[in-house]
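Colleague: Can you look at this prediction? I've put the sequence above it.
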Amino acid sequence: MKKWFMALMICLLFIGANHIVHAEQTMVQSTDKNGQITAYGELVSTMKLNGKEQDLNNMPGVIVDGNVMLPRYLAFKKIMGMKISHTSTTITLRTKEHTAEFTMGSTKALVDGEEVDLAIAPFSAKFVVTNENTMMLPAEDIAKIFGYEYSYDAVNQVVSFEREGGMELSYGGLSYYYKDEPIDLYVDGKEVDTAISGFFIDDCDFVPAWRISKELGVKYSKSGKKLTMTKGDHKVVFNIYKKNATINGKAYTLDVAPTYIRDKENNVGAYMVPGKVVAEALGFGYEWNEEDYSSSFKKSEEYQISIPLPEDCQDENYETNDDYFNNRFEIILDGNYSSFYKTNVVSNPYFAVDKVSVSTSSEKTKIILQASEIKGYRLKEENGILYVKVGTPKEIYDKILVLDAGHGGTDPGAAGNGIYEKNCTLNIVNAAKDYFDEDDSVKVYYTRTTNTQANMTSGSNGLNTSTSLHARTDLANEVDADLFISVHINSAGNTTARGTEVYYSSNNNKKNSGGLSASKLAQMAYDNVVKAVGSSKRGVKTANFYVIRYTNMPAILIETAFISNKQDAEILKSDKKIDQIGKSIYDTVVSAFDKYPTER
């Protein structure tokens, strides 16, 4: 009996001891200006946010005159996600929607700059166990300020903050209650499955940068606070939390800064960027549908620039000029339409070119698309509107040739029998051009179509014979041509030497994507040109001439005939023969693309 009684007493002491410790751990005190200490016995142990309970642990709320007071850091920063700043006498709570400033001991607060009354003044309290001091704030007042439904369950010591029908987000580090529907994302009509949706905030369609980049096939990178999205030669650089951006090399000011948004309930987040800006900067089609809250991207968007056409100029009643040496494209109308274009503005919303301008004279109107580098252009006319798609040459054209007339300018090349090489090569290339002009399936870039070409031929812009060669290969590499053909005329001290030969470089003989190599192209050209020339057959040879060694595509150099030979010179003087040689080059190119298609 004594043993049983002793065991019972030990148990009661143990329980009593635990109760005393628990009371000590949850005790909250405040000291007024007179040094009077108030101990709070009625505590709030649990906080519920949108149905999710959070234990207040060793920093509970307290009840003062029927009002729940909660610790600023644990309740409002850690649990509710508000941004907090404070001085010795004030504390500021900030979300994306509201800013509220409280002053210790005052029943007045500033909410978004306006004074409001509080049910009870904030005060400083000490948590005995942790020996921490913090400001206690009125829970119900804060609920009203920030748009929460408030309730307190005194039996279970639970204070609740509820908002229904929306999403609790963290927007750039600020708590934000998103009341609208999340944005559904579509690419080419297919809905994008993503962990975090887009959001329509501040009249901006925010989309998750990494996810939409992946769906669009866009290169994505992030370094520090910079986020870069690249497609071909289109690039946009965003600065997170800042409105300044760079779009295709030019400074641009956004309406709303990119930011980081986190879905608090599902604990997923992403860097968000304006969807419309991304689409326009990178050349995609885009549509925002306010009715069903969706952002639709179109990878297959064809045309970025729209040009209204006067009625007299419709049905392809205009000319075009690809002035690629000056990085511009011209649409030329017959007549002065200055008044028409004052009221019918040319639209360039996708930053496809740097500038669109209209130039008029008494007889002509030019719509000039100015870029910073060589671009490709595709046109489509519908209902009086001329639509223009702009991209890299390879994005626009299926087949690209660079055709080079050797020498030119102050460099005459070889001479003999009363003629100069630079004139003969130009005649041949222009003869080929007549055929290519009738066939729009091949895009041809010419290094020159006249004797002198700025930034290309010797004597222009400080170029000499050597640097002129560099300019020719640079053009071919810049447009990423599929083929390069350079036309030359041979010469020898032995005037009996005559005939045709074609060169390729063994250092540049890799197959392209269609399976064509320089050696194969050389043989095809030789077979055609030697027939057209009708002179001696000297064969296909290798050499490391600069223009065929340092180009990044199958490249050949045609030595058409010998200017030093009287018989060959007569061939080079014949308009009929020149036309036949030009056509043989055209036929070679057509055959090469037919047999070894680029598959673009």
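Modeller: Cool, the structure landed.

Colleague: Strands of the stretch 301-450 of the chain, residue ranges please.
Modeller: Assigned strands in the stretch 301-450 of the chain, in chain order: 305-308, 319-323, 328-334, 355-360, 364-370, 376-382, 385-391, 400-405, 415-416, 419-420, 443-446 (criterion: DSSP state E, counting those that start in this stretch).

Colleague: Adjacent strands (with direction) for the fourth one?
Modeller: Yep, that's strand 355-360 we're talking about. Applying DSSP bridges, strand 355-360 is found paired with strand 364-370 (antiparallel).

Colleague: Export the strand it pairs with to PDB, keeping only CA atoms.
Modeller: What follows is strand 364-370, C-alpha atoms only, in PDB (Å, rounded to 0.1, in the frame of the first residue of the first chain):
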ATOM      1  CA  LYS A 364       8.400  57.200-106.100                       C
ATOM      2  CA  THR A 365       7.500  56.100-102.500                       C
ATOM      3  CA  LYS A 366       9.900  53.800-100.700                       C
ATOM      4  CA  ILE A 367       9.100  51.900 -97.500                       C
ATOM      5  CA  ILE A 368      12.500  51.200 -96.000                       C
ATOM      6  CA  LEU A 369      13.100  48.400 -93.500                       C
ATOM      7  CA  GLN A 370      16.400  49.200 -91.800                       C
END
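
Colleague: Tell me which helix or strand comes right after the helix or strand bottoming out on mean pLDDT in the chain.
Modeller: Scoring the helices and strands of the chain by mean pLDDT, DSSP states H and E places helix 2-25 at the bottom, with a mean of 39. As assigned by DSSP states H and E, the chain's next helix or strand after helix 2-25 is strand 28-31.

Colleague: Just the pLDDT for the nearest residue to residue 286 once chain neighbours are set aside.
Modeller: Closest residue to residue 286 in three dimensions, ignoring its sequence neighbours and counting by Cβ to Cβ, 6 or more residues apart in numbering: residue 279, at 3.4 Å. For every residue, glycine as well, the C-beta is placed using N, CA and C. We have a pLDDT of 90 for residue 279.

Colleague: Please state the offset of the one helix or strand residue 279 maps to from the chain centre?
Modeller: Here residue 279 sits within helix 275-282, counting by DSSP H and E. Computed by Cα atoms, centre = their mean, to the nearest Å, the chain-centroid distance of helix 275-282 equals 7 Å.

Colleague: going forward can the numbers begin at 35, since that is how I track them
Modeller: Yes, from this point I'll number from 35; that puts the last item at helix 309-316.

Colleague: contacts for it?
Modeller: 217, 232, 239-241, 243, 246, 250, 252, 263-265, 268-270, 279, 281-282, 288, 318-320, 322, 329, 331, 383-385 (Cβ atoms under 8 Å, 6 or more residues apart in numbering).

Colleague: cool, stretch 345-354 as well?
Modeller: For stretch 345-354, contacts defined as Cβ under 8 Å, 6+ apart pick out 343, 363-369, 371, 411, 413, 415, 418, 420.

Colleague: average pLDDT for that stretch?
Modeller: For stretch 345-354, the mean pLDDT works out to 95.

Colleague: Ok, stretch 509-525 next?
Modeller: For stretch 509-525, mean pLDDT rounds to 98.

Colleague: What of stretch 465-474?
Modeller: Taken as a whole, stretch 465-474 has a mean pLDDT of 97.

Colleague: what's the span of that stretch, first residue to last?
Modeller: 16 Å (Cα to Cα, to the nearest Å).

Colleague: residues contacting residue 145?
Modeller: Residues near residue 145 by Cβ under 8 Å, 6+ apart: 132, 133, 134, 135, 179.

Colleague: In contact with the nearest residue in space to the second one that is not next to it in sequence, which residues?
Modeller: The shortest distance from residue 133 to any residue other than its chain neighbours is 5.9 Å, reached at residue 146 (Cβ to Cβ, 6+ apart). Contact analysis of residue 146 by Cβ under 8 Å, 6+ apart lists 132, 133, 134.
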